[in-house]
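Peer 1: need the 3D shape of this:
(one chain, ligands or ions: 4)
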Amino acid sequence: AKERGKNNYQFYSSKLAELTSRKLDLEKWLRKSMEKNELTLNYQPQIDLETNKIIGVEALIRWHHPENGIISPADFIPLAEETGLIVPMGKWILKEACTQNKRWQELGFDPIPIAVNISVRQIQEDNFVESVLQILEEVGLNPRYLELEITESIMQDIERSTIVLNQLKEIGVQISIDDFGTGYSSLSYLKHLPIDSLKIDKSFVDDIINHSNKGEMVKTIIDMGHNLNFNVIAEGIEKEEQVIFLKQYACNVGQGYFYSRPLPVEQLEELLLKNRNE
Ligand code: C2E
Ligand code: CA
Ligand code: CA
Ligand code: CA
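Peer 2: Ligands and ions are numbered 1, 2, ... in the order given. Predicted coordinates for the structure are as follows:
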């Protein structure tokens, strides 16, 4: 199995190199992947640690390659960012996620926000805010049920980011800082930006059970987040021990394999159904 994995990887990286060398073809290739339904979104529940209810879902993209099976976004998102392909792909992701969330509301599930990962490259586009607004209007989704996950790397251009985030806030979408604690040394920006949630990076959540620093960072981030009136989400929870710790320090929301892996629509709907009946 290992041998096969390696061959797949080699096939894949040469395919990537080939695609990268033909940047102009990339958009065509992406469109084809979308038309052939090779790109799909999976959805991972976010759990209220107090009530154990699903209070949100994060959309995570998957590429079902006909020969290579499922290719991780960690492998193709960086390429999409480098080539700019993330811009049309990001619009497709946003629209797909909003459409799905609207459909869940129409099916009668309790309305919950859908979290969508946004690359810095998308935020840098002149018409990013307009395109978000346009998608929300087309889909007919109330903006409060869309949450944009951005990383601290947008702080590299703090001036522009402040403007864009304020415009997004005006539209009424929610904003969370993903991978919090890994990207940027200054925390002062937090006070000045319209942020709703912090997502504590998995590496810190791992520390709770690694005994490396007994979760000191996690405690610090939870306290700081609460002092600033943010929702605090812990990601990458795999063990009950972590849940106990996080609850003890009043973390609000949890996400991770302990609760559920990212799931295809139908399976997520089964969880939503249970969630409604409980
Ligand atoms: P991320 O936004 O930090 O997403 C969390 C990643 O951790 C996801 O990997 C998720 O499947 C995984 N995960 C969740 N819970 C656990 C857990 O308990 N244990 C472990 N080991 N992993 C867990 P995934 O789906 O492979 O995505 C990887 C990264 O690719 C994402 O990190 C995000 O940066 C990027 N990505 C994924 N989908 C999109 C997308 O639609 N747009 C953009 N721009 N980036 C995306
Ligand atoms: Ca994320
Ligand atoms: Ca993350
Ligand atoms: Ca990440």
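Peer 1: could you say which helix or strand holds residue 138?
Peer 2: Take DSSP states H and E as the rule and residue 138 turns out to sit in helix 128-139.
Peer 1: who touches the top strand by length along the chain?
Peer 2: Scanning the chain for the strand with the most residues, using DSSP state E, yields strand 54-65. The set of residues that contact strand 54-65 without belonging to it, under Cβ atoms under 8 Å, 6 or more residues apart in numbering, is 12, 33, 37-48, 70-71, 73, 76-77, 89, 93, 96-97, 100-101, 112-117, 147, 149, 253, 255, 262, 268, 271-272, 275. All C-beta atoms are positioned from the backbone trio N, CA, C, and that covers glycine.
Peer 1: likewise stretch 90-106?
Peer 2: By Cβ under 8 Å, 6+ apart, the residues outside stretch 90-106 that reach it are 34, 39, 41, 43, 57, 59, 61, 111-114, 116-119, 121-122, 131-132, 135-136, 138-141, 145-146, 265, 269, 272.
Peer 1: and it, does that touch ligand 1?
Peer 2: Yes: contact of stretch 90-106 with ligand 1 is found when judged by Cβ under 6 Å from any ligand atom, involving residue 93.
Peer 1: partner residues bridging the nearest residue to residue 113 once chain neighbours are set aside?
Peer 2: Computed as Cβ to Cβ, 6 or more residues apart in numbering, the closest residue to residue 113 that is not its neighbour in sequence is residue 147, at 4.5 Å. Going by DSSP bridges, residue 147 is paired in beta bridges with residue 115, residue 174.
Peer 1: wait, isn't residue 147 in contact with residue 199?
Peer 2: No: taking contact to mean Cβ atoms under 8 Å, the distance of 10.3 Å between residue 147 and residue 199 leaves them out of contact.
Peer 1: for the two, list the residues in contact with both.
Peer 2: Taking Cβ under 8 Å, 6+ apart as the contact criterion, the residues that touch both residue 147 and residue 199 are residue 176.
Peer 1: okay, the two: which has more neighbours?
Peer 2: A direct count of neighbours by other Cβ atoms under 10 Å for residue 147 and residue 199 places residue 199 higher, at 27 against 24.
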